[in-house]
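Colleague: I'll drop the sequence and a predicted model, then ask my questions.
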Amino acid sequence: MNPLLVCILGAAILLSSIPFSLLELAPMIKGESVSHTLDKTTQYAQRAEQLGFNRFWLAEHHNMPGIICAATSILVGHIAGKTQRIRVGSGGIMLPNHSPLVVAEQFGTLESLYPGRIDLGLGRAPGSDPVTSRALNNDMSRAENFPKEVTELQTLLGPYNGTHPIRAIPGENTNVPLWLLGSSLFSAQLAAQKGLPYVFAGHFAPRFVHDAIALYKREFKASNVLDKPYVMLALPLVAAETDEEAQYLSTTSKQRVLELIRGKELWLKPPVESMEGLWSEQERAHVENFLSLSVVGGHVSIKHKLEMIAKELEVDEFIFTNDVYNSEKRHRALEILMEIKH
C-alpha cells in the first residue's frame, strides 16, 4: 500500500477512536434572561447526546456576568435529568470553595439519581477573582490542602472503612469517578501519584500542555481506578462550513478573552468582520496566546489540526469549548465535529 495512504488511514482511524466531549460555561448574551440561557444550554446538551458525544461537563465560575454556571452541581443534575445516556459532570468543581463532605453528598446524590452517568472533575483554582474567592471562603490557604481534600473525597465516596468518623450519606460507596483538572504541572503530578485520569485546560492555558501531559504519563502509578494513564485535553473549538466563516465566528471568543484580560464583563458578543481597532498589539498577542490551541476552520482544517494534536500529545479524549454566538451555528459546529470523526 502507498505509504502516504497508510499515513492518512492511520490518522483517520486514530481520530475515530477518540471520544469527543463538551465543556460548557453556559454563555449568556447581554439582555437575555438566565432562564433563556439555561434553556439553550439544555438544548445544546440534548443535541450533543443525539450526536453521540461522550460527556457534557459544566465549569464553575463566580461573579462573572456572561457566564451562568456558578451553581455547578445543580446544573449537572438538571442536564442529567434532561438527557438519557450522555455522561454529565463538573469541569470542574473548584474544591477550595467547598467542603469535601458537601461535594461528596451532592455528587453521591447525583450518582444515585443517575447511576453510571456522573463525573466529578476537580480543580484547585477559585474560579473567580480574589475578592470573590474570599466571599466564597475566608481561608485563602485552602488550595494548599487540595491533595489532602482529594483523598478525603475518595474516602467519602468509597466504601465505608468502619473507622472514618465522617460519612457521606448519600455518597458513600457511590464511587463517583474523580478527574483532576489543571493548567500547570501540580495537578498533573497529583493525578499521576493517585492514578486518576487527568484533564489539561488547553482551552485557556496552553503554555504547559506538553510538559504537563509528559509528566503525568511519566510518573503515573496504576491504581484501582486506572491501570494506565488517561488524558483528556480541553480545546477551544470554532467549526463552520468554511475556514473563512470559522475565522469570522471566532471573533466572538476573541472578544470575550479580550474583555477577560481587561477585567470587564464577559457577555457573549456577536462576531465582527475584523478585530482591528478593538485591541492593541499587546492585547492581540495576549488573546492569541490564550487561544493558541484553538481548533478553528471548516471540515478539512478541523480534522487536520485534531489529528496532529492527537498524534503529537497522544491524548485519549478531547473535550471542547464552543463559544459561538448563534445557537444554530453552535449546534452545527457539533455536527461538523462528528462528521469529521466518522
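Modeller: It's in.
Colleague: Can you report how many residues neighbour the residue nearest to T37 when sequence neighbours are not counted?
Modeller: Counting by CB to CB, 6 or more residues apart in numbering, the nearest residue to T37 once its immediate chain neighbours are dropped is M28, at 4.4 Å. (C-beta placed from N, C-alpha, C; glycine too.) Here the number of neighbours of M28 (other CB atoms under 10 Å) works out to 24.
Colleague: Quick check: the gap between M28 and S184.
Modeller: From M28 over to S184 the distance is 29 Å, taken as CB to CB, to the nearest Å.
Colleague: thinking again about what came up before, surely the residue nearest to T37 meets D39?
Modeller: No - using CB atoms under 8 Å, M28 is not in contact with D39, being 11.6 Å away.
Colleague: how about the helices in this structure?
Modeller: Here the chain has its helices, by DSSP state H, at 3-16, 34-51, 72-81, 100-113, 130-136, 146-157, 185-194, 209-219, 243-249, 251-261, 281-290, 299-313, 327-341.
Colleague: quick one: the last one to helix 251-261, angle?
Modeller: Counting by axes from the mean of the first three to the mean of the last three CA atoms, to 10 degrees, helix 327-341 points 110 degrees away from the direction of helix 251-261.
Colleague: Give me the helices and strands touching helix 327-341, please.
Modeller: Applying 3 or more CB pairs under 8 Å, 6 or more residues apart in numbering; DSSP states H and E, we find helix 327-341 packed against helix 3-16, strand 20-24, helix 34-51, strand 231-239, helix 299-313.
Colleague: Swap in 6 Å and give it another go.
Modeller: Applying 3 or more CB pairs under 6 Å, 6 or more residues apart in numbering; DSSP states H and E, we find helix 327-341 packed against helix 34-51, strand 231-239, helix 299-313.
Colleague: likewise the fourth one?
Modeller: Other helices and strands packing on helix 100-113, by 3+ CB pairs under 6 Å, 6+ apart, are helix 72-81, strand 118-123, helix 146-157.
Colleague: isn't E111 right up against R117?
Modeller: No - using CB atoms under 6 Å, E111 makes no contact with R117, being 7.9 Å away.
Colleague: Out of these two, name the residue with the larger neighbour count.
Modeller: Ranked by neighbour count (other CB under 10 Å), E111 and R117 place E111 first, with 22 against 19.
Colleague: Report the separation between the more buried one and E105.
Modeller: 11 Å.
Colleague: intersection of neighbour lists for the two?
Modeller: Common contact partners of E111 and E105 (CB atoms under 6 Å, 6 or more residues apart in numbering): none.
Colleague: circling back: the helices of the chain into a markdown table, with extra columns for mean pLDDT and distance to T163?
Modeller: Output for the helices of the chain, formatted as a markdown table (pLDDT from 0 to 100; distance: least, CB to CB, whole Å):
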| stretch | mean pLDDT | distance to T163 |
| --- | --- | --- |
| helix 3-16 | 55 | 47 |
| helix 34-51 | 98 | 40 |
| helix 72-81 | 98 | 28 |
| helix 100-113 | 98 | 16 |
| helix 130-136 | 76 | 31 |
| helix 146-157 | 96 | 10 |
| helix 185-194 | 96 | 21 |
| helix 209-219 | 97 | 30 |
| helix 243-249 | 98 | 56 |
| helix 251-261 | 96 | 46 |
| helix 281-290 | 96 | 47 |
| helix 299-313 | 96 | 42 |
| helix 327-341 | 97 | 47 |
